[in-house]
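Asks: Can you look at this prediction? I've put the sequence above it.
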Amino acid sequence: MTWLPTYIWIMQISTGLLLIGLSIPLILEKIGPNIWYGFRVRRTLEDPVVWYKANAYAGKALIGPAIAMIAFSTIFFLVPVFDPPTYATACAMVTLGSLGICVLACFRYLGQITQDT
C-alpha cells in the first residue's frame, strides 16, 4: 500500500497540468463553439460572443483548481502524517471542492454576461 500515495500524487500533478494545458486555448479564445470542449451549455452554444467570453473566464477559473490540486497533493505527500486512505481522501476533497467552486463561479459569470448582452 506504500505505492498508493505516490500513484495519487502523480495522478494529481498530471491532472493539474492537463487542466492547465486545456485552459490555455480557452483563455486565448482559440476554441470556437463546439459540443466537445469548453464551457458547453445552451447559452454559450447559441451565441458565439457569449461562448468566447464564458470560455475565457472558465479557462482562467480552471487554473485555480489545477494549481490547488498540484500544490495540496504535493504538500500532503511531503507531510508524512497522512496514511494512504487519508491522503487519498484529502486530495479528493481538494479536487472536488475546488472544481465545484470553479463551476459555480463560471455559472455566476455566465449569468452576468447573459444580462449584459
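Replies: Great, that's in hand. Numbers count the residues shown, from 1 in each chain.

Asks: And the average pLDDT for the longest helix along the chain is what?
Replies: Ranked by residue count, the top helix of the chain under DSSP state H comes out as helix 84-116. Mean per-residue pLDDT for helix 84-116: 92.

Asks: Would you mark the buried spots in that helix?
Replies: 87-88, 90-91, 94-95, 98-99, 102, 105-106, 109-110, 113 (16 or more other Cβ atoms under 10 Å). All C-beta spots, glycine's among them, are computed from the backbone N, C-alpha and C.

Asks: what does stretch 43-62 give?
Replies: For stretch 43-62, by 16+ other Cβ under 10 Å, it's 43-44, 47, 50-62.

Asks: What sits closest to I24 if chain neighbours are left out?
Replies: Spatial nearest neighbour of I24, chain neighbours left out: G59 (7.0 Å); criterion: Cβ to Cβ, 6 or more residues apart in numbering.

Asks: An error on my part: the question was meant for M69.
Replies: G16 (4.1 Å).
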